[in-house]
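Trainee: Predicted model and sequence below, questions to follow.
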Amino acid sequence: MSDQLLIIFVRKPELGKVKTRLAKDTSDEVALAVYQQLLVHTHNITKNLEVDKWVFYTDEIEFNDIWDEGGFMKMIQSDGDLGKKMQDAFFKGFGAGYLDIVIIGSDVDTLSQEIIEDAFEQVKHQTVIGPSEDGGYYLLGLNEPRTDVFTNKNWSTDTVLRDTLINLTNEEIAFLDELNDIDLLEDIGPKSFLAHHVKNYK
């Protein structure tokens, strides 16, 4: 067992239930194809990390999927809003004896193994944040359990990062590169590996 843990939040890839904002500008089929590619990308950049890895599904564990390869343990997210789900996942990790925990989602096409490795190096000494262009964050790393960063937030809005930083006032924070979540059609640039899925809608 490593003393470092990566938590990955994913959704079961189902038609009409993933990337719904992208689907409004394209179609349910395109949104599903994009999300499936994002899952593959997230798997590829995490499968070789030398840390323990837990994948948390929203409501139902998927068997015989890509997360069967690469040493991932499968779990279910708790009930509640996103903050409650993340807090419970962190508490579960710290309760299991991990010292450093990093959480990511599966929505960033430019996230890399190197960025995550950097986060694990930095989180030994301080809180780590990977800021998103939309005002949230794509990565959070903690080396102790806490509740303040997960409560009293308007999740999925442009105030999440700002309000989180208020909780971290006067603390050392390591900031990673700013990246972009894939939520809307405009988030997919022409050089993205996702571009061919949406080229007819640009």
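Mentor: Received, thanks.
Trainee: Look at residue 202 and report its pLDDT.
Mentor: pLDDT recorded at residue 202 is 65.
Trainee: my hunch is that residue 129 is in a strand, does that hold up?
Mentor: Yes. Per DSSP: H, G, I helix; E, B strand; the rest coil, residue 129 lies within a strand segment.
Trainee: Just give the number of residues close to it.
Mentor: If you count neighbours by other Cβ atoms under 10 Å, residue 129 ends up with 22. In this view, the C-beta of every residue, glycine as well, is placed from N, C-alpha and C.
Trainee: Quickly list what it is bridged to.
Mentor: Assessed by DSSP bridges, residue 129 has beta-bridge partners residue 140, residue 175.
Trainee: dump the residue contacts of it.
Mentor: The contact partners of residue 129, taken as Cβ atoms under 8 Å, 6 or more residues apart in numbering, are 137, 139-141, 161, 164-165, 173-176.
Trainee: Compare those and tell me which has the most neighbours.
Mentor: Ranked by neighbour count (other Cβ under 10 Å), the contacts of residue 129 have residue 141 at the top, with 27 neighbours.
Trainee: Would you agree that residue is in contact with residue 98?
Mentor: No. Here residue 141 lies out of contact with residue 98, judged by Cβ atoms under 8 Å, at a distance of 11.6 Å.
Trainee: Need the per-residue pLDDT for the nearest residue in space to residue 30 that is not next to it in sequence.
Mentor: Nearest residue to residue 30, sequence neighbours excluded (Cβ to Cβ, 6 or more residues apart in numbering): residue 197, at 5.6 Å. On pLDDT, residue 197 comes in at 87.
Trainee: Any chance you could list what contacts the longest helix belonging to the chain?
Mentor: For the chain, the helix with the greatest residue count under DSSP state H is helix 28-46. Helix 28-46 is contacted from outside by 6, 8, 10-11, 13-16, 18-20, 22-23, 53, 66-67, 69-70, 72, 104, 106-109, 111-113, 116, 182, 188, 193-194, 197-198, 201, using Cβ under 8 Å, 6+ apart.
Trainee: Past that helix, which element shows up next along the chain?
Mentor: strand 52-57 (DSSP states H and E).
Trainee: Report all helices and strands that that next one contacts.
Mentor: strand 4-10, strand 72-76, helix 82-95 (3 or more Cβ pairs under 8 Å, 6 or more residues apart in numbering; DSSP states H and E).
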